[in-house]
Structure formats: C-alpha cells, structure tokens
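1. A predicted structure for the sequence below; I have some questions about it.
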Amino acid sequence: MTVPTVVPAVLAAAAGLLAGLVLVSGLAGSPGISDTPVYEAYGERIADGDMPYRDFRVEYPPGALIPFVLPALVSSEQGRYERSFKALMVCALAAICVLIVLSLRVLRASPTRIAFAVAAFLFGTVLLGQFILTRFDLYAAALTLAAVCAILARRATLGPVLLGVAIATKIYPAVILPLLVVRAWKKDGRSVALRALGLTIGTTALVYLPFAVLAPEGVARSLWRQVGRPLQIESLGAGVLLALHNAAGMPLGWASGSGSQNLTGAVAAVASGTTTIVGLAALVLVWVRYGRGDTDDAVRFARFAAAAAVAFVAFGKVGSPQFLVWLIAIVVVVPGLRGTVATLLLLAACALTRLWFPETYWDLVRRFDPTASWLVLARDLVLVVLFVVLVVRLRAREPARA
C-alpha cells in the first residue's frame with residue numbers, strides 16, 4: 001500500500017476497533033438472541049477431535065468452521081469462548097473498514113467519500129447492536145469484500161480464490177461469480193473467464209473436499225438445510241403475510257425449524273415459492289444488465305456486485321437481521337450519488353430492524369405483534385427500493401447541440 005492509502009486504512013481500522021468496543025461494552029444494547037452457544041458446541045467438539053458432518057451435524061459450510069474452532073482452541077473456561085468469539089468478530093469489523101478504504105481507493109474515490117463510507121458502515125453496525133458480534137456474519141462479509149476488492153484491483157488469481165473461500169464460508173457470495181466471469185470474458189476472452197470460474201469453483205470444492213470424502217451424507221444434509229429452508233418470519237414473503245394477517249385477519253401459523261422461526265401452512269409455502277422465483281429473476285436481471293453494459297468499468301462492477309447481494313437478501317426466504325451486515329459492507333463501496341442514496345436506504349433498513357430486534361422479536365413470533373409486523377414489512381420494502389436504486393438505468397443526458 002502507498003502512504004496515501006496506509007494512513008486512512010490505519011485510521012479506519014482504529015475506528016473499527018473503537019466501534020467494536022462500543023458494541024462489546026453494551027452501550028449499543030444487549031445481544032438478545034445469541035448463536036454463540038451453537039458455535040461453541042461445534043468448536044469444542046472439533047477441538048476434542050470429532051469430525052464435523054460425520055460425528056455431529058453442522059448446518060453451516062466448512063469455511064465457517066474456522067471462526068467456530070479458533071475461540072475453542074484459546075480456552076475451554078466457562079464464558080471465555082464468547083469473549084474470544086466477540087474479539088474475533090471485532091477484528092473482522094476492523095478488517096472490513098480497511099477493505100472499504102482499499103476498495104474505494106481502487107475506484108479513485110475522494111477522501112471525503114472514503115470517510116463517509118467507513119462512517120456509514122460503522123454507524124450501521126452499531127445501529128444494529130451487539131447481537132452482530134454473536135454471529136459469524138462479519139467474518140463472512142470480510143471475506144466477501146476482500147474478494148470484491150481483489151477483483152476490482154484486477155488480481156486475476158487472488159480475486160477468484162478469495163471468492164471461492166467466501167462461498168465455502170457463506171453461500172451468498174456465489175451471486176457475484178457470474179459478474180466476475182462476464183467481466184473476464186468480455187475483457188480478456190473465454191480462456192481467462194473459464195480460468196476465473198475454475199479457480200473460484202475449485203477453491204470452494206477444495207474446502208469442501210475432505211469433509212465430502214469422509215462424511216458425504218453429512219455435507220449433503222448441510223447443503224440441503226441451507227437451500228431448503230422454509231419461509232422465515234422476517235423475510236419479504238412473511239412480511240406481506242403478516243400485513244394481511246393484521247389488516248384482514250388472514251390465519252397464520254408458525255413453528256421453529258432450520259435454526260429459525262418460520263411461517264407454516266399452504267399460504268406460506270406459496271409465498272416462499274413466489275419470493276424464490278422473484279429472487280432468481282432479480283439476480284438474472286442483475287447479471288444480464290451488467291453484461292450488456294461496460295464490464296470494464298470498476299464502478300459498475302462494485303454497483304452490480306452490491307445489487308446481487310441485495311437481491312439475495314431482499315427476495316430470499318430468510319431475512320435475518322444479521323444479513324444486513326453483508327449488505328452494509330458492500331453497498332458503502334458503491335461510489336457517487338447512487339451509492340450515497342443506497343447507503344442511506346440501507347441505514348434506514350438497519351434503523352427499522354433495530355425497532356423490533358431483539359427486544360420485541362418474540363412478540364412478533366408468538367402473537368404476530370402488529371407493530372413489529374409492520375416494521376418487518378417496512379424494512380423489507382426498503383430493501384426492495386434499495387435494489388431498484390442499484391439496478392435502475394439512469395437516462396443519459398442528451399449532448400448539447402451546437
């Protein structure tokens with residue numbers, strides 16, 4: 001890194017650590033529902049020599065095992081695991097801040113724009129609250145942004161490899177792969193594009209390989225658990241059904257399963273299928289629109305990578321609050337007025353989320369609380385608007401006549 005890049009990167013890392021301390025201290029609220037006990041159970045069993053997917057079930061991809069097992073290797077004392085895991089997530093928070101600086105430097109953004117992006121990211125994370133330190137999504141978001149940063153910097157090997165690692169940690173970065181392949185194909189030809197595709201898929205397969213060989217059934221079960229989840233209560237489809245329930249009395253039921261609380265019944269199944277179809281259509285729209293434009297423009301790649309991630313979350317069957325961490329980390333990298341508007345919309349989504357999560361989450365689940373239900377729908381609709389802002393084609397101005 002050059003000197004003009006080192007200084008803002010160091011300042012961004014320091015700001016990230018400070019924001020992490022604010023979250024750890026509890027000033028941003030209590031974590032509420034925590035996934036750390038699940039991670040601790042995984043980590044302790046791996047540290048004791050058990051094979052994940054074979055000796056015990058794991059719902060996450062194998063790349064996610066790293067942040068699970070590292071705190072378990074530090075100490076097995078009561079309460080020490082959670083502190084170590086939170087410290088690891090604070091480091092991921094600081095790493096994302098550095099990656100935001102590096103990505104925007106590649107995009108030739110101004111120092112003011114870089115400062116705004118880092119500040120917006122940190123404000124969004126603090127706004128969401130301490131619970132984001134009890135999930136590994138900051139780690140997954142850091143890997144994804146590292147891949148995007150390397151792709152923007154035209155690192156032909158590092159970018160695809162990092163993207164492969166990110167996909168093996170959390171599936172959502174896979175929506176960026178078609179953009180990478182199209183960009184390489186249109187600029188450097190088919191062979192380079194196939195190489196990028198092979199590096200990404202090969203890296204993901206390499207992470208999965210030892211577990212797939214030793215525990216194929218367990219790995220297959222894990223994959224199905226991720227793609228076959230029911231309609232989670234905070235998703236867009238569920239938000240619409242909750243609105244119909246509170247406005248028109250439509251009957252609804254719920255049940256816990258697949259690590260979340262979900263709506264049940266035929267109408268929920270229809271809503272789940274509908275949002276899946278809409279989500280796939282939205283992703284195809286992103287990929288096609290990107291391919292029809294200037295794929296050599298790094299700013300366009302950053303914008304459409306963010307749009308693909310937003311489509312995955314906005315129209316997905318699961319809309320967990322921690323998923324917003326994925327979006328904040330990549331949307332703030334989109335420069336220009338469009339990026340500013342998108343960032344402000346995302347911060348609004350974070351604020352709406354905080355109004356019901358975690359304090360009134362169980363009221364939402366157990367009695368479909370009207371206030372929380374309308375807030376869920378409002379948050380989900382903001383994400384839809386955010387998607388439109390990132391994808392819509394602005395009409396170019398007509399050249400002035402002589």
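-> Nice, thanks for sending it over.

2. Could you tell me which residues make contact with the closest residue to residue 239 other than its chain neighbours?
-> The spatial neighbour of residue 239 that comes closest, neighbours along the chain excluded (Cβ to Cβ, 6 or more residues apart in numbering), is residue 377 at 3.7 Å. Backbone N, C-alpha and C define where each C-beta goes, glycine included. By Cβ atoms under 8 Å, 6 or more residues apart in numbering, the contact set of residue 377 is 239-240, 242-243.

3. Pick the one among the residues you listed closest to residue 350.
-> Checking the contacts of residue 377 against residue 350 by Cβ to Cβ gives residue 239 as the nearest, at 16.2 Å.

4. Distance from the helix or strand the closest one falls within to the middle of the chain?
-> Using DSSP states H and E, residue 239 sits in helix 236-248. Taking Cα atoms, centre = their mean, to the nearest Å, the mean C-alpha location of helix 236-248 is offset from the chain mean by 25 Å.

5. same question, stretch 160-169
-> For stretch 160-169 - counting by Cα atoms, centre = their mean - the centre lies 13 Å from the chain centre.

6. And for the residue nearest the centre of the chain, nearest residue in space, chain neighbours not counted?
-> A centroid search over the chain (Cα atoms, centre = their mean) returns residue 326, at 2.5 Å, as the residue closest to the centre. Excluding the flanking residues, the one nearest residue 326 by Cβ to Cβ, 6+ apart is residue 141, at 5.0 Å.

7. From one end of stretch 349-364 to the other, what's the distance?
-> 17 Å (Cα to Cα, to the nearest Å).

8. what does that stretch contact?
-> Contacts for stretch 349-364 (Cβ under 8 Å, 6+ apart): 29-33, 124, 127-129, 131, 233-234, 242, 321, 324, 327-328, 369, 371-373, 375-376, 378-379, 382-383, 386.

9. Mind checking which of the residues you listed are in helices?
-> Among the contacts of stretch 349-364, the ones falling in helices (DSSP state H) are 124, 127-128, 242, 324, 327-328, 371-373, 375-376, 378-379, 382-383, 386.

10. where along the protein do the strands fall?
-> Applying DSSP state E to the chain gives strands spanning 253-257, 260-264.

11. Take those and lay them out in JSON lines including mean neighbour count.
-> Below are these laid out as JSON lines (neighbours: other Cβ atoms under 10 Å):
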{"stretch": "strand 253-257", "mean neighbour count": "13"}
{"stretch": "strand 260-264", "mean neighbour count": "20"}
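
12. For residue 118, find the nearest of these.
-> The closest of the strands of the chain to residue 118 is strand 260-264. By Cβ to Cβ, the value is 31.3 Å.

13. Run through the neighbouring helices and strands of the closest one.
-> The contact analysis (3 or more Cβ pairs under 8 Å, 6 or more residues apart in numbering; DSSP states H and E) places strand 260-264 against helix 236-248, strand 253-257.

14. related to what we said a few turns ago, run the angle between the helix holding residue 239 and strand 253-257 for me.
-> Going by axes from the mean of the first three to the mean of the last three Cα atoms, to 10 degrees, helix 236-248 is angled at 150 degrees with respect to strand 253-257.

15. Low-confidence bits of the protein, can you list those?
-> The chain contains residues with pLDDT under 70 at 1-3, 28-29, 76, 78, 395-402.

16. quick revisit: quick one: closest of the strands of the chain to residue 11.
-> So among the strands of the chain, strand 260-264 is nearest, using Cβ to Cβ, at 37.8 Å.

17. List of residues touching the closest one?
-> Residues from elsewhere that reach strand 260-264, judged by Cβ under 8 Å, 6+ apart: 229-233, 238, 241, 252-256, 268, 271, 318, 320, 365.

18. again, but for stretch 26-46
-> By Cβ under 8 Å, 6+ apart, stretch 26-46 touches 22, 52, 55-56, 58, 65, 67-73, 76, 81-82, 85, 126-127, 129-131, 133-136, 357-359, 361.

19. Cross the residues you listed against helices and list the overlap.
-> 22, 65, 67-73, 81-82, 85, 126-127, 361.

20. which of these are buried?
-> Buried members of those, counted by 16 or more other Cβ atoms under 10 Å: 65, 67-69, 71-72, 81-82, 85, 126-127, 361.

21. could the residues you listed be laid out in TSV, adding distance to residue 91?
-> Conversion of these to TSV gives the following (distance: Cβ to Cβ, whole Å):
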residue	distance to residue 91
65	17
67	10
68	15
69	16
71	12
72	17
81	16
82	15
85	11
126	17
127	20
361	27
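
22. before we move on, back to that, how close does the residue nearest to residue 239 get to residue 46?
-> Distance, residue 377 to residue 46, by Cβ to Cβ, to the nearest Å: 40 Å.

23. swap in residue 69?
-> Residue 69 is 5 Å from residue 46, by Cβ to Cβ.

24. Could you do residue 329 as well?
-> 27 Å.

25. the more surrounded of the two?
-> Set residue 329 next to residue 46 and count neighbours by other Cβ atoms under 10 Å: residue 329 wins out with 29 against 19.

26. residues touching the more buried one, list them.
-> By Cβ under 8 Å, 6+ apart, the contact list for residue 329 reads 96, 99-100, 121, 141-142, 144-145.
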